[in-house]
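Colleague: Predicted coordinates and the sequence they were generated for:
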Amino acid sequence: MSGPTTLQVLRSLETGPRGLTEEEADARLARHGPNVPPVPRTVSWRRRFVRGLRDPFTAVLFCLGIVSAGTAAWGTTCVITVLVAVSCALRATGEHRADRAMAALRDLVPTTATVVRRPAPDEREPSAPRERAVPAPRELPAEELVPGDIIRLAPGDVIPADGQVLTATGLSVDEAPLTGESSPTTKEPWTPTTDPGEGTEHLCFQGSSVTAGGGTAVVTATGRHTRFASTTHEASGVPGGERAARARAFDRSVHGISWTLVRFMLLTPPLVLVANAALRDRGLETLPFAVAVAVGLTPEMLPVVVTMCLARGAAHLARAHGVIVRRLPALHDLGAMDVLCVDKTGTLTQGRPVVDRSLDTAGRDAPEALDWAAVNAWWTLRLADPPAPDALDEAILTTPEHYEGYEGIAALPFDPVRRLATAVVTRPGAGLGVHTLVVKGAVENVLELCALPAEERTRLQALASHHAAKGLRVLAVATADRDRPARRRGTASHPTWSPSDIHGLTLVGFVTFRDAPDPAAGPALRALADRGVTVKILTGDHPGTAARVRRDLALPPIAPDAVRTAEDIDAVPPTDVAALARLAHRTTVFADCTPAHKARVVAALRAHGHTTGFLGDGVNDLPALHAADVGLAPHDAVPAAREAADVVLPRAGGLAAIDHAVTAGRSSGVNIATYLRITLSSNLGNVIAMLTAALLLPFLPMLPAQVLVQNLCFDAAQLAFAHERPAPAALSRPTTLRPRAFLRLVTGFGVLNAVADLATFAVLALAAPGPTGTEDESLFHAGWFTENLLTQSLAMLLMRGAAYGTTAAGRRATPVTRAALALATAGILIPLSPLGPPLGMTPLPPTYYALLTLVLPLYGATVVQLRNKASVAHGSGGSGRGGPQ
Ligand SMILES: Nc1ncnc2c1ncn2[C@@H]1O[C@H](COP(=O)(O)OP(=O)(O)OP(=O)(O)O)[C@@H](O)[C@H]1O
Ligand SMILES: [Mg+2]
């Protein structure tokens, strides 16, 4: 079956090879709308609100509400309904604000496209022929693209709309955001023999990125009609939603804890019912109480606190340091990051190479290698469509006399997987029909394609290593004369050359380049190491160059076997992730890496339990950026890398900004962890105390409505943790939240909290049998309510510990101190206020408060003791109190 010709395809889109006129493009823009995906910026409040119900805690609350309604416990039902509504509303507001902030941040990283259009015919000369309007490529905001536009694709570009490939030179595309497939796909131009229904190799899709080569395409769909928009819309309503759905460090910790809690909550009501039935002979009438106790366990505000902490951190980073966080959970992961992998050029070095020397195969200075390298660079650039500037090529092309007189036939542009670039030229003086292949690239890869005896190859490798060890980048240059190939592929008007033709070359020599280390990189990396982040280098360059750059940056010396090459990675079977993780653990530099090697190392480190970041600036870094917990890109990275990254560093002081970003991440992490620790242990303590009291007393220690109101007050106060600023000492280690260890710690604290609660109450009961005596339920309830809120506010202040410094005199009140004060006030005033009687409480006598002032300091002292013991037992020092290890 055969399809339409290219021209027919273009006609069907009412365009031509010379593109649309500006006039026509404007008309189409008005018709089709801007080329933006259906961003859920317009999610309605109602949808947001309902989405809040999908949160596990709110969902459980909701179910408990239904159970209460089913048993006609209307008081409990009302309070639960209020709770659900409040948490949904808070969540919707928090999300709305966070989304708005994130959208504003994303807009700071604009995407543009290179489009070929003809200017509108001159209005003063309407009779001027349309052909006079010469098509010209220009950069355009991607939003303004319309179907029918002709776009150019260069390495590092993010494809801005769906299209059909018209021309392609070695075009390969990373479609991971659409298909999840990490290895690049080759794209071929549309030909009349292409079956229209077959495959996708002549189609390109919005959201994918060009990893090598170039080409042109005609836009077939924009905006919400692209495949990317429809898949992500279905998946989650969020562009790139499939990335968010992948389990990253954030999901492993915060979500892990949430789900464990949900299980506990579901277990609680039946347990309470059974215990009360067995020991107290109570029946189903305890159900509302059992439900309230389960609700009491819930950290309902968890999603709100998490979103608020992260959104505030991200906003602060953007404002104060120009760091753009493009995905909120990435900020949490930055705080938890303990390994950062970086590539070399443009991150550790300035990325402005200059030619150092041109050497022959004996290592003597000789111009030929540079001359051939220049011929290669000139023609790969000239024949590329569109020309893609490359730092090494630009360094080579400073003196035109090197490459004049040659005629370019074909080019296979630089490909980061094969790590070489090939130009096919005719040489002045060569016989008719002789083509010369000119290859330059990474030493290992070029030598592999040269016909060489083994010992000669070893000698040449040693020669290259000698120069690399000086910190120079080394390119090998080789050539071969070939007969012009027959027109094997039928339709092409030029003879074609493919990678399989490149072999049996003759080595000409080497070109070396100097690329100065970035002076800011050394201090930045040392600072990261001091703060518990191990830095590893994953580079496509020579091992010697990478090792030397480390030394030039004055990074701590490493053992020789801490420098490995891609060969060592290949030696580990792909299925043995543990072995690769062990290797990666011991290794500081991996050299000679292809994009896939980088991604494998990152994935193995993650599988080994490290929260792993990757910082890279090129198309060859895309798979690793996708594989990492948090991908980082410098400001001047190629657009595709910026698009794949979760965090974009500022133009000035890029690497130093990582430190700020890590600090912001850890601050959020410490706040989230402290919130969770205090809430969970306090809630658990209360629940245990209440259950025990329920079994000891002839009546329930608290009415369901009282439990819920108390819970609501406590949760509201806890929101202050989103605004708190931890002490610098708490930020000196990664803030990893390990669910199991964390839950163990919380259980310990909870039990001790319960004991302290019961003991406090026992003292009160013994000292003043009146108000706490069992004869007056409403007095008892008021006493328990006030005592609970006062001890909770004390716990808030005391359990946050050293993570927030000491509350020395003269220190300004922090949000948490203010919130704790408000909570204590509520605890004292609610039973006295008009709210008291409807909630089943009566005012307490003054002696009760006098006793409280004696007992509360005792409670406080116990909490401090326990806290100090816990932080010693967990060996977590200053930081661990903020982020449990
Ligand atoms: N334009 C080019 N032409 C030929 N070979 C090149 C070109 N650019 C890079 N190379 C070779 O390919 C190797 C890998 O380069 P690439 O840019 O893919 O690696 P990288 O991992 O980004 O390296 P780095 O860590 O230095 O940034 C380089 O070391 C060099 O030998
Ligand atoms: Mg690079």
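Modeller: Yep, that arrived. Ligands and ions are numbered 1, 2, ... in the order given.
Colleague: Show the contacting residues for Trp378.
Modeller: With CB atoms under 8 Å, 6 or more residues apart in numbering as the criterion, the residues that contact Trp378 are 397, 403, 406, 408, 423. Bear in mind the C-beta positions are built from the backbone N, C-alpha and C, glycine included.
Colleague: typed the wrong thing, it's Ala480
Modeller: Residues touching Ala480, when contacts are defined by CB under 8 Å, 6+ apart, comprise 436-437, 504-506.
Colleague: residue ranges with poor pLDDT in the stretch 251-400 of the chain?
Modeller: Residues of the stretch 251-400 of the chain meeting the criterion pLDDT under 70: 251-252, 399-400.
Colleague: Switch the contacts of Ala480 over to JSON lines; also include neighbour count and distance to ligand 2.
Modeller: Converted to JSON lines, these look like this (neighbours: other CB atoms under 10 Å; distance: CB to the ion, whole Å):
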{"residue": "Thr436", "neighbour count": "18", "distance to ligand 2": "29"}
{"residue": "Leu437", "neighbour count": "25", "distance to ligand 2": "26"}
{"residue": "Gly504", "neighbour count": "12", "distance to ligand 2": "30"}
{"residue": "Leu505", "neighbour count": "22", "distance to ligand 2": "25"}
{"residue": "Thr506", "neighbour count": "13", "distance to ligand 2": "29"}
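Colleague: could you dump these to CSV with secondary structure and pLDDT?
Modeller: Rendered in CSV, the data for the contacts of Ala480 read as follows (DSSP: H, G, I helix; E, B strand; the rest coil; pLDDT from 0 to 100):
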residue, secondary structure, pLDDT
Thr436, strand, 92
Leu437, strand, 94
Gly504, coil, 90
Leu505, strand, 93
Thr506, strand, 94
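Colleague: Present the contacts of Trp378 as JSON lines; the columns should include neighbour count and distance to Ala762.
Modeller: Putting these into JSON lines (neighbours: other CB atoms under 10 Å; distance: CB to CB, whole Å) gives the following:
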{"residue": "Leu397", "neighbour count": "18", "distance to Ala762": "86"}
{"residue": "Tyr403", "neighbour count": "23", "distance to Ala762": "92"}
{"residue": "Tyr406", "neighbour count": "22", "distance to Ala762": "96"}
{"residue": "Gly408", "neighbour count": "19", "distance to Ala762": "92"}
{"residue": "Ala423", "neighbour count": "29", "distance to Ala762": "88"}
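Colleague: which of the residues you listed lies closest to His660?
Modeller: Nearest to His660 among those, counting by CB to CB, is Leu397 at 37.9 Å.
Colleague: Val446 versus the closest one, what's the distance?
Modeller: From Leu397 across to Val446, the span is 19 Å (CB to CB, to the nearest Å).
Colleague: for ligand 1, what are the nearby residues on the chain?
Modeller: Counting by CB under 6 Å from any ligand atom, the chain comes close to ligand 1 at 343-345, 390, 392-393, 414, 416, 419-421, 440-442, 475, 539-541, 593, 618, 620.
Colleague: Go back to those residues and keep what's next to ligand 2.
Modeller: Checked against ligand 2 using CB under 5 Å from the ion, these give the following subset in range: 343, 345, 618.
Colleague: The closest residue to the second one other than its chain neighbours: what's it in contact with?
Modeller: Read it as Thr345. In space, not counting the residues next to it along the chain, Thr345 is nearest to Gly351; the distance is 5.2 Å by CB to CB, 6 or more residues apart in numbering. With contacts defined as CB under 8 Å, 6+ apart, the neighbours of Gly351 are 345, 391, 515, 617, 636.
Colleague: Could you do Gly631 as well?
Modeller: 330, 613-614, 616, 624-625, 644-647.
Colleague: how far away is the residue nearest to it when sequence neighbours are not counted from ligand 2?
Modeller: Nearest residue to Gly631 in three dimensions, chain neighbours excluded: Leu625, at 3.6 Å (CB to CB, 6+ apart). Between Leu625 and ligand 2 the distance is 12 Å, computed by CB to the ion, to the nearest Å.
Colleague: On the three-state scheme, Leu625 is what?
Modeller: Assigned with DSSP: H, G, I helix; E, B strand; the rest coil, Leu625 falls in the helix class.
Colleague: Correct me if wrong: it contacts Ala633.
Modeller: Yes - using CB atoms under 8 Å, Leu625 is in contact with Ala633, at 7.1 Å.
Colleague: how about stretch 386-398: buried residues?
Modeller: If you call a residue buried by 16 or more other CB atoms under 10 Å, then stretch 386-398 has these buried ones: 386, 388, 390-393, 395-397.
Colleague: export the residues you listed to CSV and tack on secondary structure?
Modeller: Formatted as CSV, these follow (three-state DSSP):
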residue, secondary structure
Pro386, coil
Ala388, coil
Asp390, coil
Ala391, helix
Leu392, helix
Asp393, helix
Ala395, helix
Ile396, helix
Leu397, coil
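Colleague: Kindly indicate which of those residues lies nearest ligand 2.
Modeller: Ranked by distance to ligand 2 (CB to the ion), the buried residues of stretch 386-398 are led by Ala391 at 9.4 Å.
Colleague: Who are the contact partners of the closest residue to the closest one other than its chain neighbours?
Modeller: Nearest in space to Ala391, with sequence neighbours left out and distances taken as CB to CB, 6+ apart, is Pro353 at 5.6 Å. Listed by CB under 8 Å, 6+ apart, the contact set of Pro353 reads 345, 391-392, 395, 473, 513-515.
Colleague: if we go to 10 Å?
Modeller: 345, 391-396, 472-473, 475, 512-516 (CB atoms under 10 Å, 6 or more residues apart in numbering).
Colleague: Of all pairs in the residues you listed, which one is the farthest apart?
Modeller: Largest separation among the contacts of Pro353 by CB to CB: Asp393 and Ala516, giving 18.8 Å.
Colleague: Neighbours of Leu789, how many?
Modeller: Around Leu789 there are 24 other residues, counting by other CB atoms under 10 Å.
Colleague: That one reaches Asp715, doesn't it?
Modeller: No - counting by CB atoms under 10 Å, Leu789 stays clear of Asp715, with 12.0 Å between them.
Colleague: Would you mind listing what in the stretch 601-750 of the chain touches ligand 2?
Modeller: Contact residues, the stretch 601-750 of the chain versus ligand 2 (CB under 5 Å from the ion): Gly618.
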